[in-house]
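Visitor: Pasted the sequence and its predicted model underneath.
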Amino acid sequence: MKTVEEIKAAIEAAVPGAGVEFVRNPGPAAEHSLRLAPASAVAVATFLRDDAELAFDFLSNVSGVDWPDKEIAEKVKVTRMVSKTVDGAEQSVEETIDETRKRVEPGCLEAVYHLYSVAKKHGPLVIRMKTTNRSDQVELPSLTPVWRSADFQEREVFDLYGIIFSGHPDLRRLLMWEGFKDHPMRKDYVEPDDYEYEPTPHDHVLARAQEHKSRD
């Protein structure tokens, strides 16, 4: 099997403007991956499946990842004018100091696909796509038209994470019931006090519900 870098080069040669990004995995397994631009993802996936040498004909797994907003502290050098006494006289001089500045890196949702080739007996190749944010721009193209096994797995990611897969043939909840609010695998998900199907909740759920009612 080609290296991930070689596969990236093959994609870029076959799909103009593919916008493929190499994502390094720092872990011991070094299972690096490729992040696809949503606009060209279906074309890239089709190439990975149909290329005679790569022949990634089997999609084994689709999973979701939630990346919340992250606060990042960065040290920057800042030059400012300060007053100092030099030889008995007060003067304005430049002083350079290290200043810590904080910024918020917007979060996103990500879909991760593991590909294998049954014909060539190689893999996995990990490809991924990320949404623009976690709120109102959470749409990604479905890869079900390329690999039929993505069908239920993309539905599960939609159900638990909230990624909307455009072009999916039957995008609806898979594990939770219709009408269920929110997405349980989001890192900021808050469990409800009780469930309709559990009229006699466990003690810790009941205690939380009573505490909630006492604050209303």
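Guide: Nice, thanks for sending it over.

Visitor: The helix or strand of the chain at the bottom of the mean pLDDT ranking packs against which elements?
Guide: Of all the helices and strands that make up the chain, helix 203-215 has the lowest average by mean pLDDT, DSSP states H and E, namely a mean of 73. For helix 203-215, there is no helix or strand it packs on, judged by 3 or more Cβ pairs under 8 Å, 6 or more residues apart in numbering; DSSP states H and E. C-betas here are computed from N, CA, C, even on glycine.

Visitor: Give me the distance between that helix and the centre of its chain.
Guide: Relative to its chain's centre, helix 203-215 lies at 34 Å (Cα atoms, centre = their mean, to the nearest Å).

Visitor: ok, and what's touching the host helix or strand of Val82?
Guide: In the assignment (DSSP states H and E), Val82 maps to strand 70-86. Residues outside strand 70-86 that contact it (Cβ atoms under 8 Å, 6 or more residues apart in numbering) are 90-105, 107.

Visitor: what's the burial count for Lys2?
Guide: Counted with other Cβ atoms under 10 Å, the neighbours of Lys2 add up to 13.

Visitor: pretty sure it is in a strand, no?
Guide: No - counting by DSSP: H, G, I helix; E, B strand; the rest coil, Lys2 is located in no strand; its state is coil.

Visitor: Verify the contact between it and Leu54 for me.
Guide: Yes - assessed by Cβ atoms under 8 Å, Lys2 is found in contact with Leu54 at 7.3 Å.

Visitor: which neighbours do these two share?
Guide: Ala10.

Visitor: can you pull the contacts of the most far-flung residue of the chain relative to its centre?
Guide: In the chain, the greatest distance from the average C-alpha position (Cα atoms, centre = their mean) is reached by Gly88, at 60.4 Å. Going by Cβ under 8 Å, 6+ apart, Gly88 touches no other residue.

Visitor: Starting from Leu125, give me the distance back to Gln137.
Guide: 27 Å (Cβ to Cβ, to the nearest Å).

Visitor: So between these two, which is more surrounded?
Guide: Leu125 (21 against 11).

Visitor: Which of the three states applies to that one?
Guide: Quick answer, by three-state DSSP: Leu125 is strand.
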